[in-house]
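Mind looking at a prediction? Sequence and model below.
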Amino acid sequence: MAAAAADADARAPVADDAAAALAPERASREDDDGGDARVADGGGGDRAPGSNPNKKRKVALSFAYVGAGYAGMQRNPGVVTIEGELEAAIVKAGGISDANAGDFGKVAWTRAARTDKGVSAVGQVIACRMVLEPEGMLERINEALPEKFEVFGIDRVTGGFNAKTMCDRRRYEYVIPTWAFDPSVGKAASAGVDAAVSASETFVFTEETRARVDAVLKNYCGTHNFHNYTVKVKPTDPQAKRYILSFDCSEPFEVDGEQFVRCTVLGQSFMLHQIRKLIGTMLAVVRGELTEDDQKFALLTSQFAPTPMAPELGLFLCECIYKAYNDKFGAVHGAMELSKYHDKVEAFKHKFVYTHIVNQEREEHTMRDWLRDVLQGGKHLRTAFDASIASSITAGETLDASRVGVRQKKRKNNASSAAETPDAPGAAAAGSSFTASMAAAAERAKVRRVTEPSADDRYHNNSRPPPAKSVNKEAPKPTTMIPLDEYLINTCNNAKHTILSSSITAGETLDASRVGVRQKKRKNNASSAAETPDAPGAAAAGSSFTASMAAAAERAKVRRVTEPSADDRYHNNSRPPPAKSVNKEAPKPTTMIPLDEYSD
């Protein structure tokens, strides 16, 4: 299964969102029906007198689904998506007309969160303008939906409601089998599934273990630069800064004979794969492959740190929260809260989501394989983090570990500042321990560079593996070389003969007596005889020149018959002949004719 994202709220909006953004004001005018505040979870059977039954109303749908088999939440032509299935069901139920189907801009469609491939949800929300009558719209939509997909209710909202931008917070759950916290499970998985199962049966998730998990998760709370806990985000990007309100671990609960714990995170928004990397690093720390100082280092540094990413199987969207909207409009249209469907939500979780997680883990061993293949006893993670820490120290970074795990409140005045700051001696001790841990990691990386190949350092510093060397290319054929002077003599001789032959063929009349004699201006006819060159000498030079030209033309004529004519084309066109293609068929031989026959 392809890697899944938690929630990609930071990604750029698509065309559907852009079209829908133009609709709220128009929708507000069209949806103004006197402030009907009824919850339309069963249709429009209790509508106000005189209202239009075919009028589109702005509503919000709260629904749940199991993400297996879908290519994510967002509609994408050519693949099966959650939005595609939901829109088709609404159209079939009569909520959206065929004329408006396929165009989210026409119905002001917005989504609260984008879940990626394989990620489930029990508290997803979309908003749109749809017809609510005749009565029984909710039932007709659910009948048209596939299995493991359910709409809990349809709530009236204001005309300008946007499911994404008005969502203050999002809550996610990551469900983990308790045996995943046992350090021996990853190592035992290398010996086979049976050995891993027997090793996990002896592990007990105690209250001390839960407290340890809680402490590690609390380090994520507050505002941090999470560029090391996502992908393709630079530390200087503004979107790397995220705010997490709470992160905690529940008591163990049982599903189909197996124990699990819930790790619940509440934040404003999350980046691609962020929650999976937060969970993966937490597991590595609790199991002992990494330390809390490594976790803090990944939050503080601008260097690349290879945080492990947990599988997508246990992750699902739990709730979308609209606190500011409820405070402002809750008295008019009713609060947008998932708690009103609490019984339906819990039933869907236990019947479909938790069962899906248990069954897939039993069939595909997703978590066991990840513990074996990714964590691998911590050797590779330790090496990679040591290299990153060494790079940070070399770059001269100053990292303040006291910023991690402490949620600072706004100070009203100077008098209250002392009570709100963390314990100074404790913070100093923690900072000293963190500095010592970083120095030890850098020393290990230094020793490793001397005793082991440096491929790991190059990989983690550049965030990419070194390019593989090609071994299939054939060696180039040897080139036959000739001396330079021989090449120049041959080239000049060929050019000389060809040029002279072309001149004779063109019928040029060349007077060799003009060369080497400087003629003076004649003042009168009497002095002309003295200034002209010697007539017998000039005649002899001209005869010799004509004979030399004829001999050169004859040599060129013979060469045309016995050799290819590429040289002629080269010198006549002042450009080299085109390179011959190795793969093309050889050209057919050219029939040559004598020069005098060509001239005639």
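Everything's here; your move. Note that the coordinates shown come from a computational prediction; the quantities given were computed from them, not determined experimentally.

SS state for Gln74?
Counting by DSSP: H, G, I helix; E, B strand; the rest coil, the backbone at Gln74 sits in coil.

Kindly apply the preceding question to Lys277 instead.
Lys277 - assigned by three-state DSSP - is helix.

and it, how many neighbours?
Counted with other CB atoms under 10 Å, residues neighbouring Lys277 total 22. C-betas here are computed from N, CA, C, even on glycine.

Provide a list of residue ranges in the stretch 51-200 of the chain with pLDDT below threshold.
Across the stretch 51-200 of the chain, the ranges flagged by pLDDT under 70 are 51-53, 188-200.

Would you map the helices across it?
Assigned by DSSP state H, counting those that start in this stretch, the stretch 51-200 of the chain shows helices spanning 82-93, 137-144, 183-189, 193-201.

Could you give me the buried positions within the second one?
By neighbour count, with 16 or more other CB atoms under 10 Å as the criterion, the buried positions of helix 137-144 are Met137, Leu138, Arg140, Ile141, Ala144.

Could you dump these into JSON lines with distance to Gly280 added?
Converted to JSON lines, the buried residues of helix 137-144 look like this (distance: CB to CB, whole Å):
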{"residue": "Met137", "distance to Gly280": "42"}
{"residue": "Leu138", "distance to Gly280": "39"}
{"residue": "Arg140", "distance to Gly280": "42"}
{"residue": "Ile141", "distance to Gly280": "37"}
{"residue": "Ala144", "distance to Gly280": "38"}
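
Which single one of those residues is nearest to Ser503?
Using CB to CB, Ala144 is the member of the buried residues of helix 137-144 that sits closest to Ser503, with 90.3 Å.

Asn359: neighbour count?
11.

did I read that right, it in a helix?
Yes. Using three-state DSSP, the secondary structure at Asn359 is a helix.

can you tell me how far it sits from Val66?
11 Å (CB to CB, to the nearest Å).

One more: Phe149?
8 Å.

more neighbours, the two?
Neighbours were counted for Phe149 and for Val66 using other CB under 10 Å; Val66 has more, 22 against 19.

right, and that one touches Phe352 too?
Yes. Val66 lies in contact with Phe352 (CB atoms under 8 Å); the separation is 5.2 Å.

This structure: strands as residue ranges?
With strands called from DSSP state E, the chain shows them at 56-65, 110-111, 120-131, 149-156, 169-177, 222-225, 241-249, 253-255, 258-267, 315-321.

now the angle from the first one to strand 149-156?
Calculated by axes from the mean of the first three to the mean of the last three CA atoms, to 10 degrees, strand 56-65 forms an angle of 150 degrees with strand 149-156.

what's strand 56-65 packed up against?
Where contact means 3 or more CB pairs under 8 Å, 6 or more residues apart in numbering; DSSP states H and E, strand 56-65 is packed against helix 24-30, helix 82-93, strand 120-131, strand 149-156.

what are the bridge partners for Ser246, then?
Residues in a beta bridge with Ser246, per DSSP bridges, are Leu266.

related to what we said a few turns ago, quick one: which of the buried residues of helix 137-144 is nearest to Asp168?
Leu138 (26.0 Å).

roughly how far apart are that closest one and Ser302?
Leu138 is 50 Å from Ser302, where distance means CB to CB.

quick revisit: switch the strands of the chain over to CSV; also include distance to Ala441.
Listed next are these as CSV, based on distance: least, CB to CB, whole Å:
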stretch, distance to Ala441
strand 56-65, 43
strand 110-111, 43
strand 120-131, 38
strand 149-156, 48
strand 169-177, 27
strand 222-225, 20
strand 241-249, 25
strand 253-255, 37
strand 258-267, 27
strand 315-321, 30
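
Tell me where the model's unsure across the stretch 401-550 of the chain.
Counting by pLDDT under 70, the stretch 401-550 of the chain has low-confidence residues at 406-428, 451-501, 516-539, 541.

ok, 90 please
401-435, 437-550 (pLDDT under 90).

returning to that earlier point: looking at the helices and strands packed on strand 56-65, which one is packed in the most?
A comparison of the helices and strands packed on strand 56-65 by mean neighbour count, using mean count of other CB atoms under 10 Å, puts strand 120-131 on top with a mean of 26.

could you give the angle of it to strand 149-156?
Using the same axes, to 10 degrees: strand 120-131 against strand 149-156 is 50 degrees.

This completes my enquiry, with thanks.
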